[in-house]
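**Q** what follows is a predicted protein model with its sequence.
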Amino acid sequence: MAAAIYLSGFTPLMAQANAAGPYLAARQADLSGDFAKVVEYGTRALVENPDRADVLEGLVVSHTALGEVDKALPYAHRLASINPDNQLAGLVLLGDALASEKWAEAIALLESGISVAGVVDQMITAWANLGQGQMSQALEVFDALSQDPNSRSFAQFQKALALAHVGDFEGAASILGGDQGALQLNRGGILAYAQVLSQLDRHADALELLKANASPLVDPEVDDIIARLEAGEVLPFTGITSPNDGVAELFFAVAESRSVDSDPTIALIFSRLAEHLNPKNATATLLSARLLEQLERHDLAVEAYGRVPKDSLLYQEAALGRTDVLRRSEKFDEAIEELSALADAYPETLRFRVALGDTLMQLDRFKEARAAYDQAIAEFSEDLPGQWATYFQRAIALSKLDEWPAAEADFRKALELSPDEPNVLNYLGYTYVERQENLDEALDMIERAVAARPDSGYIVDSLGWVFFRLGRYDEAVEQMERAVELIPVDPILNDHLGDTYWAVGRQREAEFQWSRALSFVTDDTDLEEMNPDRVRRKLEVGLDVVLEEEGAPPLNAAE
């Protein structure tokens with residue numbers, strides 16, 4: 001089963017002519033990525049044929065993807081007995097052997113041909129050696145892998161974690177500090193290094209490390225560590241508390257790398273095994289949740305985010321992820337309720353207030369959104385480039401509320417913080433065009449936006465529209481045609497193209513575009529931007545008459 005799995009030796013689910021109903025239902029569920037349905041129907045399909053390898057494999061994948069490794073084990077054992085070379089079954093059995101600290105069994109599985117990846121297999125062996133109390137053998141493996149430039153950094157980092165785990169913080173610091181070659185540390189590596197430095201009473205160095213690598217976003221865990229260091233507290237080393245944690249880091253690294261260039265289901269298998277090895281690893285839980293988002297299993301993603309406990313320093317990030325999934329699942333009331341509670345509970349975390357504003361904007365509740373942004377901006381203690389988005393969103397809300405001077409000030413503030421941000425340049429430039437103000441500046445803004453985003457149909461449309469407003473109709477046609485090529489079914493863009501065709505005398509083509517525009521109107525169309533009644537009137541009497549009826553200036557080509 002598991003159409004998304006393509007590890008070596010994995011067998012995809014193939015329908016057979018005599019398949020029973022549950023089998024076909026399981027296959028359909030597999031194709032749609034519905035892990036729960038695969039479990040439901042696959043279990044029933046096994047009643048008729050308990051040795052069906054494709055069904056067994058589908059159940060192993062689905063239970064593991066659901067975070068139910070324990071439930072996947074019986075099927076993995078059965079699958080391995082039928083097909084000893086099945087890599088998926090072996091991978092799950094390997095993960096469970098490691099989680100159970102059955103080191104010899106884990107090594108035997110690797111030696112039998114079960115493989116995650118060549119280098120990773122050797123590192124797993126090293127951690128299993130450490131679990132057996134054979135530190136010297138583990139170090140030999142890490143040192144051997146360090147000779148290969150392709151695996152050197154990864155092997156050195158793993159070695160540093162192993163040294164720190166057994167209390168050799170000097171050795172770990174030497175590696176993490178780059179004494180044996182520079183390492184590119186991710187967030188987890190930086191935190192582990194800070195703990196190592198703290199154990200060596202090098203608090204100033206740990207603080208310098210954390211502040212030099214600070215994220216522009218709020219990071220409660222890092223903030224907590226900095227506060228503890230500044231208070232003189234010695235941080236315990238929690239990067240690795242057992243050999244299993246080291247293996248969990250390996251599975252997490254594989255999951256993270258696979259999430260970029262592979263089917264998310266493959267990455268999800270590894271992240272779930274990382275969780276199985278270290279259930280307290282909130283980072284792996286967050287990755288599983290994000291992968292479930294990619295797979296559009298929003299209900300499972302919400303559940304995964306919800307499993308990060310409130311006492312975890314990653315709880316706020318998980319809560320933000322959960323509300324984002326609720327919002328994208330159009331469960332707006334739940335998202336708003338949770339974000340409001342979070343914003344009140346964590347007033348220092350402005351992202352909750354901003355996310356609340358963003359959610360309200362989706363519902364066109366501009367007055368409430370503006371209030372949320374007001375509260376967030378009031379807490380800005382200094383100007384930072386990343387704040388442009390909050391000013392930009394408030395500016396949109398203000399413009400929708402017809403508070404143009406305040407909106408314009410926020411647009412300008414957003415550009416002050418991020419002068420080349422194409423979204424702001426385009427929105428403000430287009431608004432100037434619609435208001436027929438500052439047209440030369442609007443043209444400059446939109447041309448800069450197009451230069452940054454030449455394949456954005458909406459931004460290209462803005463450039464065409466400013467040319468239209470300036471009476472440069474031939475140039476407007478060129479840009480509008482390009483915009484419609486980029487987004488063929490947008491009603492506003494097709495309406496604009498119709499107007500530009502009319503302006504250059506191509507009346508039949510204009511009427512065709514207006515008719516197309518009407519055919520593309522949906523419930524999501526902004527009827528302030530594209531009024532269907534106005535388009536119908538243009539089809540009846542032409543654009544010139546409509547402009548005259550509206551008291552608008554007539555079409556007038558620029559000299």
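**A** Looks like it arrived, so ask away. Numbers count the residues shown, from 1 in each chain.
**Q** residue 230 against residue 207, yeah?
**A** Yes - using C-beta atoms under 8 Å, residue 230 makes contact with residue 207 at a distance of 6.8 Å. Glycine gets a C-beta too; all of them are placed from N, C-alpha and C.
**Q** where do the helices sit along the stretch 1-150 of the chain?
**A** For the stretch 1-150 of the chain, the helices defined by DSSP state H, counting those that start in this stretch occupy 21-31, 35-48, 53-65, 69-82, 87-99, 103-111, 118-131, 135-146.
**Q** check which helices and strands the shortest one is in contact with.
**A** In terms of contacts (3 or more C-beta pairs under 8 Å, 6 or more residues apart in numbering; DSSP states H and E), helix 103-111 is packed against helix 87-99, helix 118-131.
**Q** ok now the lowest-mean-pLDDT helix or strand in the chain, how far from the chain's centre?
**A** Least confident helix or strand of the chain, by mean pLDDT, DSSP states H and E, is helix 21-31 with a mean of 83. On the basis of C-alpha atoms, centre = their mean, to the nearest Å, helix 21-31 sits 29 Å off its chain's mean C-alpha point.
**Q** the more surrounded of residue 230 and residue 207?
**A** residue 207 (17 against 10; other C-beta atoms under 10 Å).
**Q** what's the pLDDT at the more buried one?
**A** In the prediction, the pLDDT value recorded for residue 207 is 91.
**Q** in space, what's closest to it - neighbours in sequence excluded?
**A** residue 229 (5.2 Å; C-beta to C-beta, 6 or more residues apart in numbering).
**Q** before we move on, what about residue 367?
**A** Residue 367 sits nearest to residue 401 (C-beta to C-beta, 6+ apart), 6.4 Å away.
**Q** residues touching that neighbour, list them.
**A** 366, 367, 370 (C-beta atoms under 8 Å, 6 or more residues apart in numbering).
**Q** same for the helix ranked longest in the chain, what does it pack against?
**A** Ranked by number of residues, the top helix in the chain under DSSP state H is helix 243-261. For helix 243-261, the elements it packs on are helix 87-99, helix 118-131, helix 152-165, helix 264-277, helix 282-294, judged by 3+ C-beta pairs under 8 Å, 6+ apart.
**Q** can I get the ones you listed in TSV including distance to residue 387 and mean pLDDT?
**A** TSV is the format used below for the helices and strands packed on helix 243-261 (distance: least, C-beta to C-beta, whole Å; pLDDT from 0 to 100):
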stretch	distance to residue 387	mean pLDDT
helix 87-99	43	94
helix 118-131	41	92
helix 152-165	34	91
helix 264-277	32	94
helix 282-294	25	94
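**Q** which parts of the host helix or strand of residue 414 are buried?
**A** According to DSSP states H and E, residue 414 maps onto helix 404-417. Buried residues in helix 404-417, defined by neighbour count with 16 or more other C-beta atoms under 10 Å: 407, 408, 410, 411, 413, 414, 415, 417.
**Q** also stretch 278-287?
**A** 278, 281, 282, 283, 284, 285, 286, 287.
**Q** equivalent analysis for stretch 483-502, please.
**A** 483-484, 486-487, 490-502.
**Q** taking the centroid of the chain, which residue is nearest it?
**A** Nearest to the mean C-alpha position of the chain, by C-alpha atoms, centre = their mean, lies residue 290 at 6.2 Å.
**Q** per-residue pLDDT, the nearest residue to that residue once chain neighbours are set aside?
**A** Leaving aside its sequence neighbours, residue 290 sits nearest to residue 321 (C-beta to C-beta, 6+ apart; 7.1 Å). Looking at residue 321, its pLDDT reads 94.
**Q** can you tell me the element residue 321 falls in?
**A** Using DSSP H and E, residue 321 falls within helix 315-328.
**Q** and that helix, what does it pack against?
**A** Under the contact criterion of 3+ C-beta pairs under 8 Å, 6+ apart, helix 315-328 touches helix 220-230, helix 282-294, helix 298-306, helix 332-345, helix 350-362.
**Q** put the alpha carbons of the second one into CSV.
**A** In other words, helix 282-294. Coordinates of each C-alpha in helix 282-294 appear next as CSV, following Å, rounded to 0.1, in the frame of the first residue of the first chain:
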residue,chain,number,x,y,z
ALA,A,282,8.8,18.7,21.0
THR,A,283,10.9,19.6,17.9
ALA,A,284,10.1,16.3,16.3
THR,A,285,6.4,16.7,17.2
LEU,A,286,6.3,20.1,15.5
LEU,A,287,7.9,18.7,12.4
SER,A,288,5.3,15.9,12.3
ALA,A,289,2.6,18.5,12.6
ARG,A,290,4.1,20.6,9.7
LEU,A,291,4.4,17.5,7.5
LEU,A,292,0.7,16.6,8.2
GLU,A,293,-0.1,20.2,7.1
GLN,A,294,1.8,19.5,3.8
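**Q** re earlier: show me what the helix holding residue 414 is packed up against.
**A** helix 388-400, helix 422-435.
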